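Participant: Pasted the sequence and its predicted model underneath.
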Amino acid sequence: MNSPYNNAPPPTQQTLQTLGKGRGTRKRKKQQDNSSASNNKRSKVEVPYSQRLPAHGFPLEHPFNKDGYRYILAEPDPHIPDTDPDSDLPGKPIPGKQYRRWLHNKVLLTLHDRAPQLKVSDDRLSVTGEKGYSMVRASHSVHEGAWYYEVTIADMPEGSATRIGWSQKLGNLQAPLGYDKFSYSWRSRKGTRFHKSRGKHYSDGYGKGDVLGFYIYLPPSSQSERLVDTCKDNALIKFKSFLYFEEKDEVEAVEKSLKPMLGSYMEFLKNGVSQGKTWENEIYNGTYFPCISLYKTATVSVNFGPDFKFKPTDTAVCKPMQDRAYNAMIESCMADLVYAVELEVDGEK
C-alpha cells in the first residue's frame, strides 16, 4: 500500500525509451545516448512505489535491522531541490536530503525490524515463532501519552510461550522481550513480568484463546524532543531496487542516557480484566513500540485499533495505536519542513 503523502519518483531510463514509439523514436533515442551524466540522472526512473510495493506495504526482499545497524525505507522528496547534478556519477554518494522516510498509513508488524526466523502473515497482523525466543516490533512507536493495543493468543502448543509488551528500537531482537533495559514484557507462563531479565510476579498466566490488552502511559515531553529525525543526514544504501537510510545503533551511549520517567506506568488486561498497574515511575525515557517475542511455535494476532474486543475502562483516556500512523506522518512532515527551511541551496538558506 502506498504512503498517503508518497510522491512517485521520476520515470526510469527504460520507461522513457519505450514511450512514444513511432514517429521521432530514433531521434529521441539518439539524444538520450549522447546525453551527459547529469541528464541521465534526470531521466533515471523507477516504477512508482504504489506499483512496486506488495499489498502489505513493504518490499518482500529487504535488509534486516541487525549487527548494530537499522534500515529505514526511503522515497524521493519532491520538496527538496536537486542542487548536486553530478551526485549520481559512479562512486558518488546518493544525497540523502533528496529523500524522506517512507511511512505506511497503517500500524502493522514490521518485516525488517524482527528476527528473521519469525513468520509474519501476509497482512502483517499475526506472527508465528520458531525455536528459541525472538522478537518482532510494530511499525510505529509512541513517545508520550496513553496508548493501547490488543493481542489474541491464536495457538500455544505444549512447551511454547510468549512475552508481550513494549520495546524501544534498541531492544535485542534475538532475545525474549524484557531481556534488556529497553523492553518490558508480560510472560504467558505464570504471568511473570520481565525487565532487564528480572522476572517478578504480576498475575496468573494466559494461554490459547485469551485476549490481552497492553496499555502504556508516558508523561509529556518538551516540544524540542518531539521533532523526529528526518534521517536526511544518514547514508543511503540501495537494496533490490529500493533505497534505505542506514542508521548506526549507539547502544552504550543511549543506555547511559536512560532515566526513569516520573508518572509513567504500564497496565495489562486479560479478557478485559485489568491485572493492575506495573512499573510505576520506572519506565525509562524514550519511544516505545508494541512488541512480541515468541518461544517455539506459538502464534499470536495483533489488533492496533481503533476497534477492540475489550476496550480498557479503568485506565485514563487512551488512544488506539492505529492513531500513530496519521500522527507519525504529521511529525515527519513537520521535521522535513524544518529541514527544508534550514537547508542551504547554492550557499544560501
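Facilitator: Sure, I can see it.
Participant: Okay, now the unreliable bits of this structure?
Facilitator: Low-confidence segments of the chain (pLDDT under 70): 1-57, 81-92, 222-226, 314-316, 344-349.
Participant: any idea how far Thr192 is from the spatially most central residue of it?
Facilitator: The centroid of the chain falls nearest to Ser139 when counting by Cα atoms, centre = their mean (3.3 Å). Ser139 sits 28 Å away from Thr192, going by Cβ to Cβ, to the nearest Å. All C-beta spots, glycine's among them, are computed from the backbone N, C-alpha and C.
Participant: Neighbours of Ser185, how many?
Facilitator: Using other Cβ atoms under 10 Å, Ser185 has 27 neighbouring residues.
Participant: thinking it is in contact with Lys196, fair?
Facilitator: No: the criterion here is Cβ atoms under 8 Å, and Ser185 misses it with Lys196 at 11.0 Å.
Participant: Can you name every helix or strand that the strand or helix carrying Gly199 contacts?
Facilitator: Assessed by DSSP states H and E, Gly199 sits inside strand 198-200. Here strand 198-200 touches strand 193-195, going by 3 or more Cβ pairs under 8 Å, 6 or more residues apart in numbering; DSSP states H and E.
Participant: Contacts for the strand it packs on, please.
Facilitator: With Cβ atoms under 8 Å, 6 or more residues apart in numbering as the test, strand 193-195 has contacts from 163, 176-179, 181, 183-187, 199-202, 278-279, 282.
Participant: can we see that at 7 Å?
Facilitator: Contacts of strand 193-195 with the rest of the structure, by Cβ atoms under 7 Å, 6 or more residues apart in numbering, involve Arg163, Gly178, Tyr184, Ser185, Trp186, Arg187, Lys200, Tyr202, Thr278, Trp279.
Participant: Please convert the residues you listed to CSV, extending it with distance to Glu267.
Facilitator: Below are the contacts of strand 193-195 laid out as CSV (distance: Cβ to Cβ, whole Å):
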residue, distance to Glu267
Arg163, 17
Gly178, 16
Tyr184, 11
Ser185, 14
Trp186, 10
Arg187, 16
Lys200, 15
Tyr202, 11
Thr278, 7
Trp279, 10
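Participant: Select from those residues every entry located in strands.
Facilitator: Arg163, Tyr184, Ser185, Trp186, Arg187, Lys200, Thr278 (DSSP state E).
Participant: Can you flag the buried ones in those residues?
Facilitator: Arg163, Tyr184, Ser185, Trp186, Arg187, Thr278 (16 or more other Cβ atoms under 10 Å).
Participant: in stretch 69-78, what's buried?
Facilitator: For stretch 69-78, by 16+ other Cβ under 10 Å, it's Arg70, Tyr71, Ile72, Leu73, Ala74, Glu75, Pro76, Asp77.
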